[in-house]
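Student: Turn this into a structure:
(2 chains)
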Amino acid sequence: MTSGRPAAVALDGIAKRFGAVVALERVTLEVGDGEFVCFLGPSGCGKTTLLRIIAGLERQNLGTVRMAGRDVSGLPPRERNYGIVFQSYALFPNLTVARNVGYGLATRHVPRERIAARVDELLALVGLARLRDRYPAQLSGGEQQRVALARAVAPSPALLLLDEPLSALDARVRVALRAEIKALQRRLGITTIMVTHDQEEALTMADRIVVMNHGVVEQIGTPFETYTEPASLFVARFVGRMNVLAAVASERPGWARVGRLELRHRAGAARPAGTRLALAIRPEEIRVGPPTHEAVDNRVAARVVNVQFLGAFARLLLALPGDGGPELECDLAGDALADAGAKEGAELALVLTPEALRVFPEPA
Amino acid sequence: MARDLARMIPERVVSRRLDAEHVVRWVFLALFAGFLWVFVLYPMLHVLWRSLLDNDGRVVGLANYVRYVRTPAIAASITNSLVVSAAAMVLTVVLAFVYAYALTRVRLAGRAVFRVAAMLPLFAPSLVHGFALVYLFGNNGIVTRQTGLNVGIYGVKGIVLAEVLYCFPHAVLILTAALAAADARLYDAAAALGAGRLRTFLTVTLPGVKYGLMSACFVVFTTVITDFGAPKVLGGKTSVMATEIYNQVIGQQNFTMGATVSVVLLVPALLAVVVDRLVQRRQYALISSSARPLAPGGGPLLRWGLWLYCALAAAAITAVYVVVLATSLVSRWPYDLTLTLKHYRFDTAGGYTALVNSLETAALTALVGTAVAFAGAYLVEKGRTVASGPLYMVSLLPVSIPGMVLGLAYIFVFNAPGSPLNALYGTLTILVISNLVHYFTVPFLTATAALKQMDAEFEHVGASMGVPFYRTFWRVTVPMALPSIVGISMYFFLNAMVTLSAAVFLVAPGTELAAVAMLLMDDAGDTAQAAAMSVLIVAIGLVVRLVYWALLRGVTRRTQAWRGPAG
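Tutor: Residues are numbered from 1 along each chain as shown, chains lettered A, B, ... in the order given. Model (predicted):
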């Protein structure tokens, strides 16, 4: 994006309000050419509003939208050159699959044979060639989804917008389609923005994720960055699972107190003793083992409250010492579970690796 | 904090370049708004204004209203209207409820026949029902002649009876819909808890159709209080508000009193419509989507009892048509019963010109009305502009305007010297417009409901691909709504064929309509010719209904293939 070419989509200071409710407060971001970007956040965070502003279906109160350097802020949807797939797909029920896919081509003075060829090409691409004369009501949810996708990209738009495209499908189809959409996007090299509330979807599909909350961008980063280096406690909790411990900065720099425990955490900005903090560690980052006598920082004894068997791994609910002390979730693979002797009521020795123990300002 | 932020963000959204599509949309919206203003709001305001003037055009405030209630001869029309409407409402709804209950909740032999029989009165103007009662029970009626017993059909009694016949199908339609939407699980629960028949009826059946009953009451009340045909034929010396407007305007040329009675008549009609809208809004939540339909049942006693009831009701309704048909086919009812077709020659008044005019008017109303109602509903429903709310409200207004009031308002507006709209007066066009407005609300709501079922993103998908909205409208919206569109045009056609009330003020030499001609024939004593005209109107209505039925089947097969399963 630092290259001379303008970004495929550049948003600058986009703000939107509905009456007294602020939906977006000055969102600025860029999407590179050919990039797959996910807007991720809980419902009501403004991600769909942002997508609709890019599409020109909603008008912002402030800010500009540029596409490949062209200011499209004041242009109607028709003149923005994008394809869109809605949550409901909005397939035209009275038109066949082929006519749906060809809908955007029919008005562009393209000769009939060229339209037919393009439609066949796209249907082959999404694997639906044999269904070209069916009506949408005669297709499965996953097939409808693929028709909507083919229809959106048929006129070769510069940008593809996907508004929660997988949320109406059952889990199995959803996972299969993730890979298909991603492969199609790579193959066409089309810049794509997808809105989703499903963090797994964002992690598996996106080149970069834009995490949003209450109309504000919390973090922009690759899936790996977003997962391993969450920029805020919100991102830490929303992307993946995260144990959060209320803590207070201790006198020793780099250490914090959680109840009676004193734990070393990841190095960060120095904070005066007594500052309230939140320590965060992912369930799979907690090390579990039988007690040893090595001297290691952050060794903690915990009692197993509950074991949830989840197939490939088990999730333990652990209570730290002290009445009403904090509880931690910890994920263990099958054999590690047996090795640790983790049964309900058992005492376990944990190590909360300091490098994994992230520190955030006081939780709200 | 959120409030502070909101203040920092301007309230205006960024302006958008004016593009052709927006202009097209706003031009159509402006046309629709103009139509509603010129043909609905402005005429109504004019009637209101005229009721505050005297016959010389001086403002006299409420003096006309004071005179109306202080003059016993015309004030009686208010009481008569209320008594007739209330009595007809109670009778119709009770009779129709039993009929609808039998059709939906009991295993009844010949159910289809009873269903059709109940709908027959929809095909005739209300005055035909008046005619039939006169031919049977009038001073020269066949029953009166044969038995020597004069039941005194002229007056309140007769009007109520005619209105019950006339309104029966409306109430049956509403109540069968309400009774058909029953949840069998509630009945199972009541049975499991040991409730008897009566208790189940009182605690499950009646509360379940509460809103349907209320809706039926409002519809019957409004229809009766605004009806002109039946009271005109059967009123005798008893006048109701609708006939009083006619007496004042046609009989005495007293336009201001006509306007005053009109405004008073608007009040109950408007009130009934507003309350009905409020009630209907609450109706939807009553049946949950997981409800299990109730299978019709009933013991033999109930079944045969109700069968007998339905047979009697159907016979009474059919009797109207038989008597009218008989009157039109015999030489001189009831004295000379030799068969003849001479009454169909219409040697005196109007005749076939009126019938052709009626057909032409009905066809034009169906064509133009369907286009205006559907396009209007589309602009309001899919446009989502600031204009949507007010346009929707005004579109609901016509259903509460009595035909007599609409007709009088059009005289004021289109027969005023110097008005540019004057050219319309005395043409078929004004009759088409008055029908279109008079029957506008139901088609408008039907179209709105059909449009609401469609995905809101259709136009957006089109727009994203550079397809203008009117193309998506034509290729997707209209084909999908075709069954509703066909239904709407039939509604306009059938109503335009039988309408009398507004037309009675608007016909001119050369533009007579069948229903008006019928009234004039009867007034002139040409009873048999009036009956012949009735028969022709009903026959045309039935034929058109059949044609539409075939058309709808064809349309469904051809354009709605997508609704079906894979094949």
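Student: Residue numbers of the stretch 101-250 of chain A in contact with chain B?
Tutor: A:103-104, A:106-108, A:134-138, A:151-152, A:154-155, A:157, A:161 (CB under 8 Å from any CB of the partner chain). Where you see a C-beta, it was placed from the backbone N, CA and C, and this is true even at glycine.
Student: and the nearest residue to A:Ala356 once chain neighbours are set aside, how many neighbours does it have?
Tutor: Excluding the flanking residues, the one nearest A:Ala356 by CB to CB, 6 or more residues apart in numbering or on different chains is A:Glu285, at 4.0 Å. Using other CB atoms under 10 Å in any protein chain shown, A:Glu285 has 19 neighbouring residues.
Student: what helix or strand is the residue of chain A found nearest chain B on?
Tutor: Closest contact between chain A and chain B, by CB to the nearest CB, is at A:Gly104 (2.9 Å). Using DSSP states H and E, A:Gly104 sits in no helix or strand.
Student: Next up, phi/psi of it, please.
Tutor: phi -80, psi -10 (degrees, to the nearest 10).
Student: Show the contacting residues for it.
Tutor: A:Gly83, A:Arg151, A:Ala154, A:Pro155, B:Ser464, B:Met465, B:Gly466, B:Val467 (CB atoms under 8 Å, 6 or more residues apart in numbering or on different chains).
Student: Mind pulling up the pLDDT for it?
Tutor: At A:Gly104, the predicted lDDT confidence score is 88.
Student: now do the one 3 residues further on
Tutor: In the predicted model, A:Thr107 carries a pLDDT score of 71.
Student: Any idea how many residues pack against it?
Tutor: 14.
Student: I'd like to know which of the residues of the stretch 101-250 of chain A next to chain B are buried.
Tutor: The neighbour count (16 or more other CB atoms under 10 Å in any protein chain shown) marks A:Tyr103, A:Gly104, A:Arg134, A:Tyr135, A:Pro136, A:Gln138, A:Arg151, A:Ala152, A:Ala154, A:Pro155, A:Pro157, A:Leu161 as buried among these.
Student: Tabulate those (CSV), appending secondary structure.
Tutor: Supplementary listing: those in CSV, determined by DSSP: H, G, I helix; E, B strand; the rest coil:
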residue, secondary structure
A:Tyr103, coil
A:Gly104, coil
A:Arg134, coil
A:Tyr135, coil
A:Pro136, helix
A:Gln138, helix
A:Arg151, helix
A:Ala152, helix
A:Ala154, coil
A:Pro155, coil
A:Pro157, coil
A:Leu161, strand
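Student: what number of residues lie near the residue nearest to A:Ile53 when sequence neighbours are not counted?
Tutor: The spatially closest residue to A:Ile53, leaving aside those adjacent along the chain, is A:Gln60, at 4.9 Å (CB to CB, 6+ apart). For A:Gln60, the neighbour count with other CB under 10 Å is 25.
Student: now swap in B:Gly376 and tell me
Tutor: B:Gly376: 25 neighbours (other CB under 10 Å).
Student: least trustworthy helix or strand in chain A by mean pLDDT?
Tutor: When the helices and strands of chain A are scored by mean pLDDT, DSSP states H and E, helix A:334-340 comes last with a mean of 77.
Student: Dump that one to CSV, restricted to CA.
Tutor: In CSV, the C-alpha atoms belonging to helix A:334-340 read as follows (Å, rounded to 0.1, in the frame of the first residue of the first chain):
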residue,chain,number,x,y,z
GLY,A,334,-6.2,-35.8,24.7
ASP,A,335,-2.9,-37.4,25.9
ALA,A,336,-1.8,-34.3,27.8
LEU,A,337,-5.1,-34.6,29.7
ALA,A,338,-4.3,-38.2,30.8
ASP,A,339,-0.7,-37.3,31.6
ALA,A,340,-1.8,-34.4,33.8
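Student: helices or strands next to it in the packing?
Tutor: strand A:287-289, strand A:313-319 (3 or more CB pairs under 8 Å, 6 or more residues apart in numbering or on different chains; DSSP states H and E).
Student: Pull up the pairing partners for the longest one, direction included.
Tutor: The strands that strand A:313-319 pairs with in its sheet are strand A:299-309 (antiparallel), strand A:327-333 (antiparallel) (by DSSP bridges).
Student: could you show me where the strands are in chain B, in order?
Tutor: B:330-332, B:336-339 (DSSP state E).
Student: Extract the C-alpha set from the last one and format it as CSV.
Tutor: This file holds the C-alpha atoms of strand B:336-339, laid out as CSV (Å, rounded to 0.1, in the frame of the first residue of the first chain):
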residue,chain,number,x,y,z
ASP,B,336,-99.1,-11.6,-16.1
LEU,B,337,-96.5,-14.4,-15.8
THR,B,338,-96.1,-15.2,-19.6
LEU,B,339,-92.5,-15.4,-20.5
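Student: Now do the SS call for A:Asp12.
Tutor: strand.
Student: per the record, what domains does chain A have?
Tutor: A:9-234, A:243-361 (automatic domain parsing).
Student: tell me the most buried of the ones you listed?
Tutor: Comparing these by mean neighbour count (mean count of other CB atoms under 10 Å in any protein chain shown), domain A:9-234 ranks first with a mean of 19.
Student: List the contacts of the helix ranked longest in chain A.
Tutor: The residue-count maximum for a helix in chain A (DSSP state H) belongs to helix A:171-188. Identification of contacts with helix A:171-188 by CB under 8 Å, 6+ apart yields A:36, A:125-126, A:140-142, A:145-146, A:149, A:153, A:160, A:162, A:165-166, A:169, A:192, A:201, A:204-205.
Student: For burial, what's the neighbour tally of B:Leu391?
Tutor: 20.
Student: so who does the nearest residue to B:Ala463 once chain neighbours are set aside touch?
Tutor: Spatial nearest neighbour of B:Ala463, chain neighbours left out: A:Pro77 (4.0 Å); criterion: CB to CB, 6+ apart. Contact partners of A:Pro77, counting by CB under 8 Å, 6+ apart, are A:Ala55, A:Gly56, A:Leu57, B:His460, B:Ala463, B:Ser464.
Student: Relative to B:Gly525, how far out is A:Pro77?
Tutor: Note on A:Pro77: its distance to B:Gly525, by CB to CB, to the nearest Å, is 68 Å.
Student: With B:Tyr392 instead?
Tutor: B:Tyr392 is 48 Å from B:Gly525, by CB to CB.
Student: Who has more neighbours out of the two?
Tutor: Neighbours were counted for B:Tyr392 and for B:Gly525 using other CB under 10 Å; B:Tyr392 has more, 16 against 10.
Student: what about the residue nearest to the more buried one when sequence neighbours are not counted, neighbour count?
Tutor: The shortest distance from B:Tyr392 to any residue other than its chain neighbours is 5.3 Å, reached at B:Val380 (CB to CB, 6+ apart). By other CB under 10 Å, the residues close to B:Val380 number 24.
Student: wait, B:Val380 sits on B:Thr448?
Tutor: Yes - assessed by CB atoms under 8 Å, B:Val380 is found in contact with B:Thr448 at 7.2 Å.
Student: Find the residues that touch each one of the two.
Tutor: B:Tyr392.
Student: Nearest to B:Ser331, out of the strands paired with strand A:313-319?
Tutor: Across those, the minimum distance to B:Ser331, taken as CB to CB, is reached by strand A:299-309, at 95.4 Å.
Student: Find the centremost residue of the chain, please.
Tutor: With no chain named, the answer covers chain A. By CA atoms, centre = their mean, chain A has its centre lying nearest to A:Ala202, at 3.3 Å.
Student: meant chain B actually
Tutor: Most central in chain B (CA atoms, centre = their mean) works out to B:Tyr439, at 6.5 Å.
Student: tell me the contacts of that residue?
Tutor: Contacts of B:Tyr439 by CB under 8 Å, 6+ apart are B:Thr365, B:Gly369, B:Pro398, B:Tyr491, B:Phe492, B:Asn495, B:Ala496, B:Thr499.
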